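In: let me see the structure of the following:
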Amino acid sequence: MPNPARVVVLPQQQGPLQIVELNLPDPGPFEVLVKQFASGVCHSQLHQMHNPRANPVVLGHESTGVVLKTGSAVSHVQEGDMVMVTWVPRDAAHTDRPAVAASILLPDGSTARSQNVFTWADTTIADEQYVVKVDNNTKRDVTAIIGCAVMTGAGAVENTAGVKAGESVVIFGVGGVGLSAVVAAKAVGANPIIAVDLDDAKLAFARQFGATHTINAGQGDPIQQIHALTINPAKRNFMGQPLAGADYAFDCIGLKKTMEQIVPAVRGGFFGAETGGTAVLVGVPQTTVELNAIDILISEKKFIGSIGGSCSPDRDFPKYLDWYAKGTLDLDAMVTARFTLEQINEAAHALETGKISGRAILEF
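Out: Residues are numbered from 1 along each chain as shown. The predicted structure follows:
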């Protein structure tokens, strides 16, 4: 039976995104066909657009929708269930199948590919590992960004770093991912919560979500300003000076400059009594990075990565939906731009030129 879909396709050669009408196949044994309500527009898609590729690409990796059909081996969802589609396996510890690459046959005979899922489409098909069941009363639009932005930012704070109450946090880049990190830092009781960005409007917006201090990195040295806000005269570093620097620094951008700023932004340690702070890379890097190895060694600092906020969607999505229900996570405020499928190139341009203060979504 035909399963009509309108899908955004990135051509193999550089050019604008295209909307292609096609028929998706019926689900295989482990697949789920989902009619979508909304999808997030993530900055990482820009990297895919600018990088060379060997074939057309289908994009998007966070959405909300309703199940249309399921494969014979799918048991956790059924037709009519509300679901969220994400790029992280919902239960990776219990799958005996390798990671899948989503691919669809285009009308011209070529094959468009993506990693795991594609959600810039009014209907999608995905392996059941990337489809998470949620309550049927779940709001259909703004919850779409939980599947990447929220879990990546909030999960980095909670899961990867394990920030505790009273610990200091600095977050570089306060778009959708960075704002989610701010929300999680507030939820766990971190203090201070310092937001760093180049846009004063975004910094003011971050205060709405829990940032206690803001720093415009274009106005003075952000590292000096972070240290000034985090001096602890009760503790001393290797050189006998009062400790200064955050307990945790999160780079939610992934630029060479910000990757190289998060290590000096965290505090030093003191021999075996206390290790130094932790710098966490959250944004997707496109360059190499040069770190001060002496600083890392002497101050016992840590530089670690966080992919998808170290999240397990089956475990974490219900929590973030509960945060939304209780007002801890204001998704309605975080979604600052909405586009139709026909406006996908406009959405991509707005994202690339910094016109999205929070997170943008596509609505189908």
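In: which intervals of this structure have sub-threshold pLDDT?
Out: 92-101, 238, 272 (pLDDT under 70).
In: quick check: domain ranges of it?
Out: As assigned by automatic domain parsing, the chain contains the domains 3-140+330-363, 150-308.
In: G173 touches I253, doesn't it?
Out: Yes. Applying CB atoms under 8 Å as the test, G173 and I253 come out as touching, 3.8 Å apart. All C-beta atoms are positioned from the backbone trio N, CA, C, and that covers glycine.
In: what's the overlap in contacts for the two?
Out: Common contact partners of G173 and I253 (CB atoms under 8 Å, 6 or more residues apart in numbering): G283.
In: quick one, what contacts the residue nearest to D316 when sequence neighbours are not counted?
Out: Spatially, and ignoring its direct neighbours in sequence, D316 is nearest to M151 (5.9 Å; CB to CB, 6 or more residues apart in numbering). Residues counted as contacts of M151 (CB under 8 Å, 6+ apart) are T86, V88, S180, G308, G309, C311, P313, D316, F317, Y320.
In: where does the fifth one fall, helix, sheet strand or coil?
Out: Which is G309. Put simply, G309 is helix when judged by DSSP: H, G, I helix; E, B strand; the rest coil.
In: ok, the last one next?
Out: Following three-state DSSP, the label given to Y320 is helix.
In: circling back: out of the contacts of M151, who has the most neighbours?
Out: For those, neighbours were counted using other CB atoms under 10 Å, and S180 has the most, 34 neighbours in all.
In: now that that residue has come up, it's in contact with V150, right?
Out: Yes. In this structure S180 lies within contact range of V150 using CB under 8 Å: 4.6 Å.
In: shared neighbours of those two, anything?
Out: L329.
In: how about the strands of the stretch 101-250 of the chain, start to end?
Out: Secondary structure of the stretch 101-250 of the chain (DSSP state E, counting those that start in this stretch): strands located at 103-105, 111-113, 123-127, 131-133, 169-172, 193-197, 213-216, 232-236, 242-243, 248-251.
In: do you know which of the ones you listed lies nearest A333?
Out: Nearest to A333 among the strands of the stretch 101-250 of the chain is strand 193-197; the distance by CB to CB comes to 15.2 Å.
In: neighbours around S75, how many?
Out: The number of residues packed near S75 is 9, by other CB under 10 Å.
In: pretty sure it belongs to a helix, no?
Out: No. According to three-state DSSP, S75 belongs to no helix; its state is coil.
In: may I have the strands that pair with the strand ranked longest in the chain, each with its orientation?
Out: The single longest strand within the chain, with elements called by DSSP state E, is strand 31-41. With DSSP bridges as the test, strand 31-41 is paired with strand 62-70 (antiparallel), strand 123-127 (antiparallel), strand 359-363 (antiparallel).
In: residue boundaries of the helices in this structure?
Out: Counting by DSSP state H, the chain has helices at residues 44-50, 149-155, 176-187, 200-209, 222-229, 256-265, 293-299, 313-326, 331-334, 344-352.
In: got a markdown table for those, with distance to P242 too?
Out: Below are those laid out as a markdown table (distance: least, CB to CB, whole Å):
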| stretch | distance to P242 |
| --- | --- |
| helix 44-50 | 39 |
| helix 149-155 | 31 |
| helix 176-187 | 24 |
| helix 200-209 | 27 |
| helix 222-229 | 10 |
| helix 256-265 | 16 |
| helix 293-299 | 14 |
| helix 313-326 | 36 |
| helix 331-334 | 37 |
| helix 344-352 | 42 |
